[in-house]
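Asker: got a predicted structure plus its sequence, pasted below:
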Amino acid sequence: MKSLDEIAPTWSQTLDSTDGEPGGCNSSRFKCVMGGAAVLDMETGLVWERVPNDDPFGTSWLESMDECQRKTIGNRGGWRLPRAEELFTLIDYSTGVGRLPPSHPFTGLLDGTCYYSTTTMATDENKAWGLGSDLAQNIHSPCEVPKTGATYWCVRGGQGDAVH
């Protein structure tokens, strides 16, 4: 019989993010890995960089994809820009307002920015879906971002890096 740690993550789980260490590491949902440089989301099996890109002026959408491909985090490559549905798994709506899960381990998030996904908006090919960050109100929600300049949050693992 397999232990729970041996069962692959599924997107139907809801795991507690508040039962970990100070700083958000090692809860039922989030495990800090790669020397603390990355975060394994046990709900989805995705590994996120713990500190997203912090360039407030951003880069273009295509440059962001290249930057993730070039990244080495925790002495590991294989990073990519996430798809919209992967990025949106970080949003917790349990309070009625979109936020990152309580006690999450991510640091260095930029206020008033929108982090790119690879997913182009169906209604405007010049924009991509992203994850918006309003730190003053602790709100994180889907946003539309022009492909000409925003920032990015790299991920590893999951279902692939096809551009939509």
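Answerer: Now that the structure is in, tell me what you want to look at.
Asker: make it CA atoms for all contacts and neighbour counts henceforth
Answerer: Fine.
Asker: what about the helices in this protein?
Answerer: Ranges of helices in the chain, per DSSP state H, are 61-70, 84-87.
Asker: Lys127 is nearest to which of those?
Answerer: Closest to Lys127 of the helices of the chain is helix 61-70 (C-alpha to C-alpha; 8.9 Å).
Asker: what's in contact with that closest one?
Answerer: Contacts of helix 61-70 with the rest of the structure, by C-alpha atoms under 8 Å, 6 or more residues apart in numbering, involve 77-81, 116, 118, 147-152, 154.
Asker: mind doing that once more with 6 Å?
Answerer: Trp79, Arg80, Leu81, Lys147, Cys154 (C-alpha atoms under 6 Å, 6 or more residues apart in numbering).
Asker: ok, the residue nearest to the last one when sequence neighbours are not counted to Ser94 distance?
Answerer: When you say that, I think you mean Cys154. Leaving aside its chain neighbours, Cys154 sits nearest to Leu81 (5.0 Å; criterion: C-alpha to C-alpha, 6 or more residues apart in numbering). Separation of Leu81 from Ser94 (C-alpha to C-alpha, to the nearest Å) stands at 26 Å.
Asker: next: Cys154.
Answerer: Look at Cys154 and Ser94: by C-alpha to C-alpha, they are 25 Å apart.
Asker: tell me where the model's unsure across this protein.
Answerer: The model of the chain has pLDDT under 70 over residues 1-12, 136-137, 159-164.
Asker: Leu81 and Ser94: which is more packed in?
Answerer: Between Leu81 and Ser94, counting by other C-alpha atoms under 10 Å, Leu81 is the more crowded of the two (29 against 9).
Asker: pretty sure the more buried one sits against Tyr152.
Answerer: No: at 7.2 Å, Leu81 and Tyr152 do not qualify as touching, with contact defined as C-alpha atoms under 6 Å.
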